[in-house]
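J.: What shape does this take:
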Amino acid sequence: MILFVGLGNPTPDSQNNRHNIGFKIIDAINQKFSLSKQKPKFKGLLTMGNIDDNKVYAIKPLTFMNNSGTCIRELIEYFKIDSSDIIVFHDDLDIEFGKIKAKFGGSNAGHNGIASLDKFIGKDYSRVRIGIGKPDKIKLNDFVLGNFNEEEQIKLNEISKKIISSLSMLIEKKLDLFSSNVNN
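T.: Residues are numbered from 1 along each chain as shown. Now for the predicted structure:
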C-alpha cells in the first residue's frame, strides 16, 4: 500500500500558487491513473485506486500547509500505512525551477509542511522536492504564495508528465534512479 501526499493550501486563491505544486502533482496522478473521485476524509481530499498492481491512496491535506501532519497521521493510523510507504510531493526554493530531487528522510530545510509531517509521523518517508527556484528581488513569502506565470505553467505540465512517467520508480523506492530519470 502506497500513500501519495501533495502539500499545498486549500483556498481557491491558492490554487495556482507555487506553494501548491504538491496539490497539482496529486491532481495529475489522479487524472492519469483514473483514481477514485476525491472525497473529503481524514481532513483532506482522498482518492484511491491501483497503480502497477499497488493499492494507492492519494491525498491533498485540507489542514493548510503548516498543519499537514495532522491529516496524514490520522490517515496512516486508520489504514495502517507504514511511513516508509509514504511519498510526499512539495515545493523547494533551494532547487532550480523545473528540477526534481527525491530522497528518503532528512531535514525539513525550513519547509513548514515537511516540519509538520516530521512532527506527526517522523522522518522516515520519501520526499519529492520540486524546484520552484529562489527569487532575487521578491520577498520569499510573496514568491512562494504567488501564482505560477504562464511560462511556468507550461513547464509545470512537463514536470507533471515526467513525474508520472517515472512513478513506478518512486513506488519501488528507486529514488536515485527516479531523480536522474526526471531531470534528463
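J.: which strand residues sit across from F104 in the sheet?
T.: S126 (DSSP bridges).
J.: Next, count neighbours for it.
T.: 13 (other CB atoms under 10 Å). Using the backbone N, CA and C atoms, a C-beta is placed for each residue, glycine as well.
J.: That one: what's it in contact with?
T.: By CB atoms under 8 Å, 6 or more residues apart in numbering, the contact set of F104 is S84, D124, Y125, S126, R127, K173, L175.
J.: List phi and psi for the residue of the chain positioned farthest from its centre.
T.: In the chain, counting by CA atoms, centre = their mean, K137 sits farthest out from the average C-alpha position, at 26.7 Å. Backbone torsions of K137, given as degrees, to the nearest 10, read phi -120, psi 10.
J.: nearest to I76, of the contacts of F104?
T.: Of all the contacts of F104, I76 sits closest to Y125, with 9.5 Å by CB to CB.
J.: Quick check: phi and psi on the closest one?
T.: Dihedral angles (degrees, to the nearest 10) for Y125: phi -150, psi 160.
J.: so what's the closest residue to it other than its chain neighbours bridging to?
T.: With sequence-adjacent residues excluded and distances taken as CB to CB, 6 or more residues apart in numbering, Y125 is closest to I86, at 3.9 Å. Applying DSSP bridges to I86 yields these beta-bridge partners: L3.
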